[in-house]
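K.L.:
my questions are about this predicted structure, shown below with the sequence.
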Amino acid sequence: MKDAKEQGVILPVEGMSFDVVDEKLSGLQSEMPSEVAGKLSVNSLKGRADIQRVVENAYLKFFPYNALFTRQESAAASIENQVLEMCAALMNAGSEG
């Protein structure tokens with residue numbers, strides 16, 4: 001297996017401005033499938049504009065926290081448990097399995 005340097009993945013010597021980083025990210029994004037073509041696969045997490053606003057706002061509120069330590073953070077654990085319960089309900093995984 002190649003290491004990061006062999007793959008050409010190295011930390012830059014100099015920083016880049018927000019605009020340069022955003023331009024590079026936009027270029028990568030343009031290579032992704034269109035919203036219509038990717039609706040049932042890669043774009044499955046995107047909803048209507050009002051739903052997307054709620055999701056992005058929630059994500060940004062908790063982005064700085066390390067999700068690996070939910071046992072120490074009761075608020076994060078509560079969110080995690082609710083998501084797991086919703087997933088189980090969607091899969092009809094009741095107490096009988």
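P.N.:
On my side now, so go ahead. Numbering: from 1, shown residues only.
K.L.:
for I79, give its distance to C87.
P.N.:
For I79, the distance to C87 equals 13 Å [Cβ to Cβ, to the nearest Å]. The way it works is simple: take the backbone N, C-alpha and C, and place the C-beta from them, glycine included.
K.L.:
helices of this structure, start to end?
P.N.:
In the chain, the helices defined using DSSP state H lie at 18-30, 49-62, 74-90.
K.L.:
with distance to K2 and mean neighbour count added, can I get those helices in a markdown table?
P.N.:
Below are the helices of the chain laid out as a markdown table (distance: least, Cβ to Cβ, whole Å; neighbours: other Cβ atoms under 10 Å):
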| stretch | distance to K2 | mean neighbour count |
| --- | --- | --- |
| helix 18-30 | 21 | 9 |
| helix 49-62 | 32 | 10 |
| helix 74-90 | 34 | 11 |
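K.L.:
nearest approach to E6 belongs to which of those?
P.N.:
With Cβ to Cβ as the criterion, E6 lies closest to helix 18-30 of the helices of the chain, at 21.2 Å.
K.L.:
what's the closest one in contact with?
P.N.:
With contacts defined as Cβ atoms under 8 Å, 6 or more residues apart in numbering, helix 18-30 is touched by M16.
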